[in-house]
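Visitor: Here you go, sequence then predicted model.
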Amino acid sequence: MSDTTVKAIDAIQEAQKIAFAPFVFQATVALRKLGVLDLIFERRKKGGISLKELSEKLSISEYGIGVLLEIAESSNVVSIHEDDKFQLTTTGYFLAYNETVNVNINFTNEVCYKGLFHLVEAVKTGKPEGLKELGQWETIYEGLSQLEPEAQKSWFDFDHHYSDDIFKEALDILFKKERKSIFDIGANTGKFTIQACNYNDQVKMTMIDLPGQLNKAITNVKNKGFQDRVNSHEINWLSENPQIPKGAETIWMCQFLDCFSKSEILKVLKTCVGSMDENSELIIVETFTDRQKFDNAKFILEATSIYFTALANGNSKMYKATEFKDIAAEAGLLIKEDIAVGEYHTMFVFNKN
């Protein structure tokens with residue numbers, strides 16, 4: 001899109017915002033963690049709160065809070081009034097209290113921030129060079145069960161936030177027909193498996209994932225009392241010849257395949273096709289960049305692609321729906337249904353071609 005109509009003064013202002021974006025981000029994180037934004041919001045009905053009051057209430061120097069609030073005011077996070085009292089702007093309110101923004105900030109800060117410094121190296125090598133800031137693993141998925149507690153919580157909060165809300169709607173669609181057996185590929189913590197067992201008291205589930213993930217998932221399943229209906233199968237999809245059990249009736253993958261490169265996705269799908277018969281269904285649920293109604297949703301997905309590049313595995317991203325359709329066709333799958341689920345997700349239902 002051409003920006004020839006943008007004035008030079010406005011363009012340089014936007015360029016400077018990008019140049020100092022890390023400063024604004026970390027100042028915002030500090031204001032959240034120190035309780036400054038909360039205190040400003042609490043005093044909204046009293047016309048705001050002064051720097052001196054903030055300093056006294058929080059036992060932090062006026063200098064420290066002041067430098068944070070100055071850049072926050074320039075960034076439209078807070079506003080300052082004639083009586084020198086601070087109030088939250090609408091942007092500031094969302095930064096403090098919107099659930100999606102909260103999940104994104106914590107994920108960026110606790111999981112991604114240090115690793116993003118290695119993005120140039122990652123782009124050159126095709127490896128997640130920033131992952132060393134979290135641990136010594138080939139991919140982040142090998143280390144999820146070993147992450148520091150705050151980073152681990154932020155990772156799972158981010159992952160679950162964009163999938164949990166659609167599980168009920170997805171299960172309604174899924175069980176419009178009888179399903180006796182479902183393979184939950186990329187089972188993660190077992191959330192979908194548990195919800196499927198709650199939804200239908202006959203279905204049997206098989207969770208398929210890396211050993212570290214499965215250990216957590218199995219514990220969660222046992223805690224819910226579903227161990228008699230749930231099996232598990234360890235797998236490393238990046239191994240030379242990954243295999244899953246034969247005779248899959250339904251194969252479920254939600255926000256799983258975006259964790260792989262196109263060639264790896266093809267490998268996963270071909271493996272699944274080898275387990276299917278003519279009546280089997282393979283179901284993919286993803287947030288595709290070309291299926292988003294709002295620009296901010298597309299922006300979030302494109303930012304997530306940078307995380308995949310720098311930290312997750314070095315070679316995957318958030319894909320377009322058209323790309324997935326092409327790979328699925330090459331793997332020997334025939335699309336049967338294309339369904340919008342929730343605000344961001346698409347469900348593809350495939351049969352073996």
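Guide: Noted; the coordinates are in hand. Residues are numbered from 1 along each chain as shown.
Visitor: how distant is stretch 322-336 from the center of its chain?
Guide: Distance, stretch centre to chain centre, for stretch 322-336: 24 Å (C-alpha atoms, centre = their mean, to the nearest Å).
Visitor: Could you pull up the residues touching the closest residue to Asn315 other than its chain neighbours?
Guide: The shortest distance from Asn315 to any non-neighbouring residue, by C-beta to C-beta, 6 or more residues apart in numbering, is to Ser261 (4.0 Å). C-beta here means a position set from N, CA and C on the backbone, and glycine is covered the same way. For Ser261, the contact set (C-beta atoms under 8 Å, 6 or more residues apart in numbering) comprises 313, 315-316.
Visitor: From Lys317, how far off is Ser261?
Guide: 9 Å (C-beta to C-beta, to the nearest Å).
Visitor: Test my guess that Gly47 contacts Asp84.
Guide: No. Under the criterion of C-beta atoms under 8 Å, Gly47 is not in contact with Asp84, lying 10.8 Å apart.
Visitor: Find residues that contact each of these two.
Guide: Joint contacts of Gly47 and Asp84 (C-beta under 8 Å, 6+ apart) do not exist.
Visitor: ok, now which ones touch Thr287?
Guide: 162, 255, 258, 297, 301, 318, 344-346.
Visitor: how close does it get to Cys272?
Guide: From Thr287 to Cys272 the distance is 20 Å (C-beta to C-beta).
Visitor: ditto for Thr5
Guide: For Thr5 relative to Cys272 (C-beta to C-beta), the value is 49 Å.
Visitor: Please identify which of the two sits among more neighbours.
Guide: Cys272 (23 against 6; other C-beta atoms under 10 Å).
Visitor: That one - that's part of a strand, no?
Guide: No. Assigned with DSSP: H, G, I helix; E, B strand; the rest coil, Cys272 falls outside any strand and is helix.
Visitor: Nearest spatial neighbour of it, chain-adjacent residues omitted?
Guide: Per C-beta to C-beta, 6+ apart, closest to Cys272 is Ile251, 5.3 Å.
Visitor: Equivalent analysis for Val67, please.
Guide: Ala27 (8.0 Å).
Visitor: Which helix or which strand is home to the one you found?
Guide: Ala27 is located in helix 21-33, with elements delineated by DSSP states H and E.
Visitor: Could you list every helix and strand in contact with that helix?
Guide: helix 62-74, helix 90-97, helix 99-106 (3 or more C-beta pairs under 8 Å, 6 or more residues apart in numbering; DSSP states H and E).
Visitor: which stretches of the stretch 1-150 of the chain aren't confidently modelled?
Guide: 1-4 (pLDDT under 70).
Visitor: and if we set it to 50?
Guide: Along the stretch 1-150 of the chain, the model assigns pLDDT under 50 to residues 1.
Visitor: next one: the stretch 151-300 of the chain
Guide: For the stretch 151-300 of the chain, no range has pLDDT under 50.
Visitor: so where do the strands sit in it?
Guide: 181-185, 204-209, 230-234, 248-254, 276-286 (DSSP state E, counting those that start in this stretch).
Visitor: Run the chain-centre distance for the last one.
Guide: This means strand 276-286. The answer for strand 276-286 is 24 Å, by C-alpha atoms, centre = their mean.
Visitor: what comes up buried for it?
Guide: Neighbour counts over strand 276-286 (16 or more other C-beta atoms under 10 Å) mark 276, 280-286 as buried.
Visitor: Next: the third one.
Guide: Taking 16+ other C-beta under 10 Å as the basis for neighbour counts, the residues of strand 230-234 that come out buried are 230, 232-233.
Visitor: got a list of contacts for it?
Guide: 187, 190, 193, 197, 204-211, 214, 217-218, 221, 244-245.
Visitor: From the residues you listed, keep the buried residues only.
Guide: The buried subset of the contacts of strand 230-234 - by 16+ other C-beta under 10 Å - is 187, 190, 193, 197, 204-210, 214, 217-218, 221, 244.
Visitor: picking up where we left off before, got the phi and psi for the residue nearest to Asn315?
Guide: phi -70, psi 170 (degrees, to the nearest 10).
Visitor: Which residues are in contact with each of Ser261 and Lys317?
Guide: What both Ser261 and Lys317 touch, as defined by C-beta under 8 Å, 6+ apart, is an empty set.
Visitor: residues making contact with stretch 239-255?
Guide: By C-beta under 8 Å, 6+ apart, stretch 239-255 touches 159, 162-163, 170, 174, 179-186, 192, 206, 208, 233, 235-236, 267-268, 271-272, 274-277, 279-287.
Visitor: can we see that at 7 Å?
Guide: 162-163, 179-186, 192, 206, 208, 233, 235-236, 271-272, 275-276, 280-286 (C-beta atoms under 7 Å, 6 or more residues apart in numbering).
Visitor: Show me the domain layout of the chain.
Guide: 8-97, 166-291+315-352 (automatic domain parsing).
Visitor: Any chance of TSV for those domains, columns distance to Trp155?
Guide: Listed next are these as TSV, based on distance: least, C-beta to C-beta, whole Å:
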stretch	distance to Trp155
domain 8-97	17
domain 166-291+315-352	10
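Visitor: Among the ones you listed, which comes closest to Gly126?
Guide: domain 166-291+315-352 (5.4 Å; C-beta to C-beta).
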